[in-house]
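Novice: the sequence and its predicted three-dimensional model are supplied below.
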Amino acid sequence: MLEINRLSFQYGKNRILNNISFKITAGTMIAILGPNGSGKTTLLRCIASFLKPQTGTVFLHGEKVESLSAEKRAKRIAYMSQHTEVSGLTVFDAVLLGRKPYTNWQPTTDDLEKVEQILHQLSLADKVLRPINRLSGGEIQKVSLARILVQEAGLLLLDEPTSALDLKNRVEILALLRQFVHERQLIALLSIHDLNDALRFTDRLLLLKDGSVFADEKPETLTDTVVESVYGLPVELHKTTTSKFIIPH
Amino acid sequence: MSVIDEYRQYLRRKYILFAAMLLLLPFAFLLSIMVGPVNIGSAEIIRILLGYEASETHIRIIYHFRLPQSLAALLAGAGLAISGATMQAVLRNPLCSPFTLGISGAAIFGAALVIFLSEGFSAATLPASNVSRYVSSVTAGAFLSSCLATALILTLSGKRLIKPETIILIGVALGAFYGAGTMMLQYFAAEWQLNAMIYWTFGDTQRATWASVKVMSLFVGVSGIYFITQSWNYNALALGEENAQSLGVPVRRMRLETMFFASLLISVLTASLGIIGFIGLVVPHGVRLWVGSDHRLVLPCSLVCGALLLILADTTARSISPGCLMPVSILTAFLGAPLFFLMLLNKREV
């Protein structure tokens, strides 16, 4: 279980997060939604302990995250940042880095097999030796995703993981992520802009507005009024027998 | 072929390339001992090195001049190249070289200051017994000044939220500051002092002594081991700071430690031999073109290639014109710039 208690963060006098609290149980994929500047990335950074909040604490399975050693944290929390720097590392080497918290110097056959498996699952097996600076933006995002999945952490923090993916890849990746989360009983927090992807693939929606939690809903309970209040834009919420989708006016 | 086999085969090819470079090193080293105003055959060199009887003059030439000079070239080449590769990794800037942080500027200033303060006696009138003390004090001045610059840059870089770009800018500012100080000393210096100051800036392996070789090997050894143990961390940092932190890399600490070891290494190399440019910039880029960007390969290959390149450059500098032992830094700068230019043109993406 991930438990966030009264988390507040500010840069100088500029308050970014204001008294945020929520709990997430294992096997849940949760979307962090909200307009630009609402604090989505800062929230993920605070949970990952990259930023030290002024008040509040983050507990993962009862342990205070900030008191974990860097090594232990890397085994429990995997973070995918919004921008992955491009380097000349090969796809295989970049994904193999996900095994770094478990490996001292020489990766084991088990590490290599895990990398191979994920490369097949993400359709990257034909690009293993290609330098990542020769991949498209979407492929780089898939490499980053592959890296955090081989990290085998219980908590996945993903900052806009599908922003550079085309429709097909987006749907495939989110479905695969959802499958991973449910099968392995992980917790995944995704900062995401596409409300329809959030409605279709995640289990819970956390809507931020001005650094505070405005609504914490299940996809089934989300209303157009909530969306309108958060984004300041009139929307239409449509329901089919299997899903729900939003069309902005 | 499975993905793992493909990857292993790729690694094997790179390791073979590394082994080939490593094999070339003893031959280049032997050649560098052979060449000079007095040519000595390889068989005689091997006999002398193994302790067999040989010409007394040749023994003296080898042990007093050639061997320390060749070892200094090997160590300086290796040290400059690996510190260049690590500086580029931690500051995430391909233009970084061992001299980016202004350490060499500080060394020149330190040496110039000692030369300036030795007013009252010139190198020509200096008693022979005092020459080595004078040279040692200039070297010590260069080393202390670069250590001071290292301490300053590490203190400023240790501030919590400082970015790599800011560290580079601090280095540039520091270099300009020391440059101004050196210019001022040169302006007020006597003619012999000005000559000595300018001569000191030429990177020259002929300055090497057994004592300086011992110090250089200690620093190259310790720093080299530290850098190579951080290879995976440098790879992780190539994906961005947050991604690296998420993989358990203590980014800030590692950056400071790397800068500490690189700066100290550069201080020792510059104080011992003067400034030898371009090796720290050209070698890591060339190595990346051959073996890719994995630091587990880039660092050992830079070490070997840097040593190889400087030994060959030093040997060439010694044999360009009979009777003239040209400082190697002139050649590295002459060769380095066009070589770097060619590499950039050959790269698919610049």
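Specialist: It's in.

Novice: quick one: the helices in chain A, in order.
Specialist: Using DSSP state H, the helices found in chain A span residues A:40-47, A:70-76, A:91-96, A:109-121, A:137-150, A:167-183, A:195-201, A:224-231.

Novice: and if you look at the stretch 251-350 of chain B?
Specialist: Per DSSP state H, counting those that start in this stretch, the stretch 251-350 of chain B has helices spanning B:251-273, B:279-291, B:295-319, B:328-346. These are given in chain order.

Novice: what angle sits between the first one and helix B:295-319?
Specialist: For helix B:251-273 against helix B:295-319, the angle by axes from the mean of the first three to the mean of the last three Cα atoms, to 10 degrees is 10 degrees.

Novice: got a pLDDT number for B:L74?
Specialist: B:L74 is assigned a pLDDT of 97 by the prediction.

Novice: residues near it, how many?
Specialist: The burial count assigned to B:L74 is 26, neighbours taken as other Cβ atoms under 10 Å in any protein chain shown. For glycine as for every other residue, the C-beta is placed from the backbone atoms N, C-alpha and C.

Novice: check which helices and strands whatever helix or strand it lives in is in contact with.
Specialist: Under the assignment given by DSSP states H and E, the secondary-structure element containing B:L74 is helix B:67-90. Helices and strands touching helix B:67-90, by 3 or more Cβ pairs under 8 Å, 6 or more residues apart in numbering or on different chains; DSSP states H and E, are helix B:3-34, helix B:210-229, helix B:231-237, helix B:251-273, helix B:279-291, helix B:295-319.

Novice: show me what the helix or strand just after that helix is in contact with.
Specialist: Under the assignment DSSP H and E, the closest C-terminal helix or strand after helix B:67-90 is helix B:103-117. Residues outside helix B:103-117 that contact it (Cβ atoms under 8 Å, 6 or more residues apart in numbering or on different chains): B:98-99, B:137-146, B:148-150, B:153, B:174-179, B:181-182, B:185-186, B:188-189, B:193, B:196-197, B:200-201, B:263, B:266-267, B:270-271, B:275.

Novice: tell me the centre residue of the chain?
Specialist: Answering for chain A, as no chain was given. Nearest to the geometric centre of chain A sits A:L158, at 2.0 Å (Cα atoms, centre = their mean).

Novice: can you look at chain B instead?
Specialist: Nearest to the mean C-alpha position of chain B, counting by Cα atoms, centre = their mean, stands B:L80 at 2.6 Å.

Novice: which residues sit in contact with that residue?
Specialist: With contacts defined as Cβ under 8 Å, 6+ apart, the neighbours of B:L80 are B:98, B:266, B:269, B:276, B:279-280, B:283, B:306, B:310.

Novice: how about the residues of chain B by chain A?
Specialist: The interface of chain B toward chain A, taken as Cβ under 8 Å from any Cβ of the partner chain, is made up of B:2-4, B:6-7, B:10, B:92, B:232, B:235-236, B:238-240, B:242-243, B:245-250, B:288, B:292-294, B:348-349.

Novice: bridging residues for the residue nearest to the centre of chain A?
Specialist: Partner residues in beta bridges with A:L158: A:M80, A:L190, with DSSP bridges as the criterion.

Novice: quick one: contacts for it?
Specialist: Taking Cβ under 8 Å, 6+ apart as the contact definition, A:L158 lies against A:44, A:79-80, A:145, A:148, A:177, A:188-191.

Novice: any weak-confidence spans in the chain?
Specialist: I went with chain A, as the question did not name one. Chain A contains no residues with pLDDT under 70.

Novice: meant chain B, my bad for not saying
Specialist: Filtered on pLDDT under 70, chain B yields the residue ranges B:119-134, B:160-161, B:322-323, B:346-350.

Novice: tell me which residue of it is furthest from the middle?
Specialist: B:M1 (42.2 Å).

Novice: distance of that one from B:A317?
Specialist: In this structure, B:M1 and B:A317 are 47 Å apart, going by Cβ to Cβ, to the nearest Å.

Novice: what does B:V328 give?
Specialist: Using Cβ to Cβ, which is the criterion applied here, B:V328 is 5 Å from B:A317.

Novice: tell me which residue lies farthest from the centre of chain A.
Specialist: Computed with Cα atoms, centre = their mean, the residue of chain A farthest from its C-alpha average is A:Q106, at 28.9 Å.

Novice: can you give me phi and psi for it?
Specialist: Backbone dihedrals for A:Q106, given as degrees, to the nearest 10, come out at phi -100, psi 120.

Novice: please apply the same query to A:S69.
Specialist: Residue torsions, per degrees, to the nearest 10, at A:S69 are phi -70, psi 160.

Novice: ok, B:A142 next?
Specialist: In this entry, B:A142 is assigned phi and psi values of phi -60, psi -40 (degrees, to the nearest 10).

Novice: so it sits against B:T270, correct?
Specialist: Yes. Using Cβ atoms under 8 Å, B:A142 and B:T270 qualify as a contacting pair, with a distance of 6.5 Å.

Novice: contacting residues around A:E217?
Specialist: Taking Cβ under 8 Å, 6+ apart, one finds A:204-205, A:207, A:226 in contact with A:E217.

Novice: most neighbours out of these, which is it?
Specialist: Using other Cβ under 10 Å as the contact criterion, the top neighbour count among the contacts of A:E217 goes to A:L207, which has 24 neighbours.

Novice: separation between the residue nearest to it when sequence neighbours are not counted and chain B?
Specialist: Leaving aside its chain neighbours, A:L207 sits nearest to A:A215 (4.4 Å; criterion: Cβ to Cβ, 6 or more residues apart in numbering or on different chains). A:A215 sits 28 Å away from chain B, going by Cβ to the nearest Cβ, to the nearest Å.

Novice: do A:L199 as well
Specialist: Counting by Cβ to the nearest Cβ, the separation of A:L199 from chain B is 28 Å.

Novice: also A:E160?
Specialist: For A:E160 relative to chain B (Cβ to the nearest Cβ), the value is 13 Å.

Novice: residues contacting that residue?
Specialist: A:E160 makes contacts with A:82, A:191-193, as judged by Cβ under 8 Å, 6+ apart.

Novice: show the backbone phi and psi for it.
Specialist: With angles defined as degrees, to the nearest 10, A:E160 sits at phi 50, psi 60.

Novice: circling back: most packed of the helices of chain A?
Specialist: Comparing the helices of chain A by mean neighbour count (mean count of other Cβ atoms under 10 Å in any protein chain shown), helix A:91-96 ranks first with a mean of 27.

Novice: which secondary structure elements does that one sit against?
Specialist: Using 3+ Cβ pairs under 8 Å, 6+ apart as the contact criterion, the secondary-structure elements in contact with helix A:91-96 are helix A:109-121, helix A:137-150.

Novice: apply 10 Å and report the result again.
Specialist: helix A:109-121, helix A:137-150, helix B:3-34, helix B:231-237, helix B:295-319 (3 or more Cβ pairs under 10 Å, 6 or more residues apart in numbering or on different chains; DSSP states H and E).

Novice: can I get that helix in CSV, CA atoms only?
Specialist: Extracted as CSV, the C-alpha positions of helix A:91-96 are listed here (Å, rounded to 0.1, in the frame of the first residue of the first chain):
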residue,chain,number,x,y,z
VAL,A,91,18.5,-0.3,-26.7
PHE,A,92,19.7,-3.5,-24.9
ASP,A,93,22.2,-1.5,-22.6
ALA,A,94,19.6,1.1,-21.8
VAL,A,95,17.0,-1.5,-20.7
LEU,A,96,19.7,-3.6,-18.9
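
Novice: how far does it sit from its chain's centre?
Specialist: From the chain centre to the centre of helix A:91-96 is a distance of 20 Å (Cα atoms, centre = their mean, to the nearest Å).

Novice: check the gap between the spatially closest residue to A:P35 that is not a sequence neighbour and B:L264 for me.
Specialist: The shortest distance from A:P35 to any non-neighbouring residue, by Cβ to Cβ, 6+ apart, is to A:Y231 (5.7 Å). In this structure, A:Y231 and B:L264 are separated by 55 Å, where distance is defined by Cβ to Cβ.

Novice: many thanks, we can stop here.
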